[in-house]
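1. This is a predicted model, with the sequence first.
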Amino acid sequence: MTTNGRRGKAIMLEALHYAFIQKALLAGVFISVLCSVLGVFLVLKKFSLIGDGLSHVTFFSIALGLFFKTSPLYVSVPVVAVSSLGILKLTEKGNVFGDTAIGIVSSLGIAGGVIIASLSGGFNVDLMSYLFGSILTIQWGEVALSIALSALVIGLVGFYYHDLVAAAFDEESAKVMGINTGRVNKVLVLLTSLTVVLSMRIVGIMLVSSFLIIPAASALQLGLSFRTTILVSAVFGLVSVVSGIFLSYAADLPAGAAIVMVSFILFCAAFGLRKVLGR
Amino acid sequence: MSVVEFRKVTYNASGKIILDNISFSVSEGNFVGIVGQNGSGKTTLVRTMLGLLKQAEGEVKLFGEIPEQFRDWRKVGYIPQKVFAGDSKFPLTAFEAVSLGLLSGKKNPKTILAVDRDKVRATLHALDITSIGDKLVGNLSGGQQQRVMLARALVNDPELLVLDEPTAALDVAAGEAFMKLIRDLNEIRKVTVILVTHDIANIGKYADKMLYIDKKMVFYGTFGDFCISPDAALYFGKYAQHIICHRHDHERAAGEGHNA
């Protein structure tokens, strides 16, 4: 092993002694796998920016939670879930393109958040920590919640897996197979809303959509089968989170931003590999 | 029992009449071609038939049931007009795409079992596309993609096959090969076929009945009847009717000569 390699290993072992790193890794691993799996369906349905839109709604719901001095999570889950259904309804019935619907709901979320923040006397430290994430400060309770909700969401994706694939590939034929695509789409956006709320403590509102988009987009570069694409996307997400957390510890960088940068490097690698393989 | 039945069906969208008082029925084993110009309502008619469009006036029956209440979707194979809406990078292999056809009639959590995989292999083999099973559908040629879509529609052994302009994106040779495949399915496996196309000559060549629509029904019957139909003569003009029928006779004779 080279000197750099030995030093890297020593830093990792040192980091693993700290409880905040252990908690960050545990929660991060589950959330990253969750985001990467859902991300494949969202990217293929051209709904990848829904994460971005919903994260802006999350900003509003957190501001609301902080304003009323209650846990932002309790406010965020219902508010973001309703907003995700609103985006879907606008797309399906409102004669509005998906990206336009996301844009409308997203700007409404930001505007609402800014108004609430201004009413409460400006952006306080809590709100800023949600904006940019603070994975290194999460508590064991939040880790347990992340694991439980990740298990729930992954279980539901497994339950609807074939319906989700069929609806993403060819929605019209899926309907003629007797698949209730309306319900499948609702499940997908509701799971996404739950995932966005869960992820806000890890990467923050500003970067949460990167969790959903980049690992999936990286895996899609490789031209693999559907099942393998999902697995590779999950591996990309997992590697990004673990490497990002260690990088953040070693270089004293914000964890959320470090994770996203690693994720982008993996995307570049996948893009390069695609060129090499000629896919 | 009719496989498909339309009784006085009218469909409006945004105040415009798309289908106007259409009545016809398709019996078991029929090969019906639906023809008409762009915007004549062909795709709307098919989508109404399959319950994809609701709120049509009149009565639509699919295997004796209204499409919204129809549940036995294993009986129906469908190839829509556009499958790859510009997404050639969709990460689905031909094998996976055909497997999706087996989801009809399964309950969640749906699983693809070993017996299902055998069915997929048999269907790929029957359509002579075994060699492309592990290739991404988006990387295949237009003709291969249509065969994969046909395999997906056939993997459940449907009684009715509905195809919406399946040869529109194919070259002449691939289109011809695809049409012969459909004719064989109809003649040998007795699958009822409803085919939407622009090409009247193809209908004359392969289908045993033709439905010509222009929002309303212009003609429904055999191609032979079409050639002596006063309604068709009134709609197309006698000269155009003669040209269509002459071209049909010529192509059919050429086809029979080629087959012999």
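-> Looks like it arrived, so ask away. Residues are numbered from 1 along each chain as shown, chains lettered A, B, ... in the order given.
2. Give me every residue in the stretch 151-279 of chain A that's in contact range of chain B.
-> Taking CB under 8 Å from any CB of the partner chain as the criterion, the neighbours of chain B within the stretch 151-279 of chain A are A:158-163, A:165-166, A:168-170, A:172-179, A:219-220, A:223-229. No exception for glycine: its C-beta is placed from N, CA and C like everyone else's.
3. What is the neighbour count of residue A:212?
-> By other CB atoms under 10 Å in any protein chain shown, the residues close to residue A:212 number 32.
4. what about it, which helix or strand?
-> helix A:208-220 (DSSP states H and E).
5. any weak-confidence spans in the stretch 51-200 of chain B?
-> Flagging of the stretch 51-200 of chain B using pLDDT under 70 yields the residue ranges B:83-87.
6. hmm, 90 instead?
-> Scanning the stretch 51-200 of chain B for pLDDT under 90 picks out the ranges B:54-56, B:81-89, B:104-109, B:111, B:138-139, B:141-143, B:146, B:166-178, B:197-200.
7. list the buried ones in the helix or strand hosting residue A:147?
-> Using DSSP H and E, residue A:147 sits in helix A:140-159. If you call a residue buried by 16 or more other CB atoms under 10 Å in any protein chain shown, then helix A:140-159 has these buried ones: A:142, A:143, A:145, A:146, A:149, A:150, A:153, A:154, A:156, A:157.
8. Same check on stretch B:210-223?
-> Across stretch B:210-223, burial judged by 16+ other CB under 10 Å covers B:210, B:211, B:212, B:213, B:214, B:215, B:217, B:218, B:219, B:220, B:221, B:223.
9. Mark which of those are part of helices, please.
-> residue B:223 (DSSP state H).
10. Need the buried residues of stretch B:210-223 in JSON lines (columns: distance to residue A:45 and pLDDT).
-> Formatted as JSON lines, the buried residues of stretch B:210-223 follow (distance: CB to CB, whole Å; pLDDT from 0 to 100):
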{"residue": "B:210", "distance to residue A:45": "38", "pLDDT": "92"}
{"residue": "B:211", "distance to residue A:45": "35", "pLDDT": "95"}
{"residue": "B:212", "distance to residue A:45": "37", "pLDDT": "91"}
{"residue": "B:213", "distance to residue A:45": "33", "pLDDT": "93"}
{"residue": "B:214", "distance to residue A:45": "36", "pLDDT": "92"}
{"residue": "B:215", "distance to residue A:45": "33", "pLDDT": "94"}
{"residue": "B:217", "distance to residue A:45": "37", "pLDDT": "93"}
{"residue": "B:218", "distance to residue A:45": "39", "pLDDT": "91"}
{"residue": "B:219", "distance to residue A:45": "41", "pLDDT": "91"}
{"residue": "B:220", "distance to residue A:45": "39", "pLDDT": "94"}
{"residue": "B:221", "distance to residue A:45": "43", "pLDDT": "93"}
{"residue": "B:223", "distance to residue A:45": "42", "pLDDT": "83"}
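11. out of the buried residues of helix A:140-159, who's nearest residue B:67?
-> Closest to residue B:67 out of the buried residues of helix A:140-159 is residue A:156 (28.7 Å), distances taken as CB to CB.
12. For that closest one, give me its contacts.
-> Shown in contact with residue A:156 (CB atoms under 8 Å, 6 or more residues apart in numbering or on different chains): A:187, A:191.
13. run the last query once more with 10 Å
-> Going by CB atoms under 10 Å, 6 or more residues apart in numbering or on different chains, residue A:156 touches A:164, A:187, A:188, A:190, A:191, A:194, B:109.
14. Same check on residue B:226?
-> Contacts of residue B:226 by CB under 10 Å, 6+ apart are B:35, B:200, B:203-204, B:209-210, B:212, B:218-220, B:232-233, B:236, B:241, B:244-245, B:248.
15. Do you know the pLDDT at it?
-> Predicted confidence (pLDDT) at residue B:226: the value is 84.
16. still on that earlier bit, pLDDT of the helix holding residue A:147, averaged?
-> 89.
17. Following the chain past that helix, name the next helix or strand.
-> Immediately after helix A:140-159, counting by DSSP H and E, sits helix A:161-169.
18. Only the C-alpha atoms, please, for that following helix, written as CSV.
-> Only the C-alpha atoms of helix A:161-169 are listed here, as CSV (Å, rounded to 0.1, in the frame of the first residue of the first chain):
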residue,chain,number,x,y,z
TYR,A,161,-41.7,-3.0,-9.3
HIS,A,162,-43.1,-4.5,-12.5
ASP,A,163,-46.0,-2.0,-12.7
LEU,A,164,-43.5,0.8,-12.3
VAL,A,165,-41.3,-0.6,-15.1
ALA,A,166,-44.3,-1.1,-17.5
ALA,A,167,-45.7,2.3,-16.8
ALA,A,168,-42.3,4.0,-17.3
PHE,A,169,-41.7,2.1,-20.6
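19. ok, and what's touching the least confident helix or strand in chain A by mean pLDDT?
-> The helix or strand of chain A with the lowest confidence, counting by mean pLDDT, DSSP states H and E, is helix A:125-132 at a mean of 76. Outside helix A:125-132, the residues within contact range by CB under 10 Å, 6+ apart are A:55, A:58-59, A:61-63, A:65-67, A:72, A:76, A:113, A:116-117, A:120, A:123, A:134, A:137, A:200-201, A:203-207, A:254-257.
20. Mind doing that once more with 7 Å?
-> For helix A:125-132, contacts defined as CB atoms under 7 Å, 6 or more residues apart in numbering or on different chains pick out A:62, A:63, A:66, A:72, A:117, A:200, A:204, A:205, A:206, A:254, A:256.
21. buried subset of these?
-> Buried residues within these, counting neighbours by 16+ other CB under 10 Å: A:62, A:63, A:66, A:72, A:117, A:200, A:204, A:205, A:206, A:254, A:256.
22. picking up where we left off before, type out the PyMOL command that picks the buried ones from the contacts of residue B:226.
-> Isolation of the buried members of the contacts of residue B:226 (16+ other CB under 10 Å) is achieved in PyMOL through the command below:
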select buried, chain B and resi 35+200+203+204+209+210+212+218+219+220+232+233+236+241+244+245+248
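23. Flag the shaky bits of the stretch 151-279 of chain A, pLDDT-wise.
-> For the stretch 151-279 of chain A, the ranges with pLDDT under 90 are A:153-154, A:197-210, A:254-257, A:275-279.
24. how about the helices in it?
-> A:161-169, A:171-176, A:181-199, A:208-220, A:226-251, A:255-277 (DSSP state H, counting those that start in this stretch).
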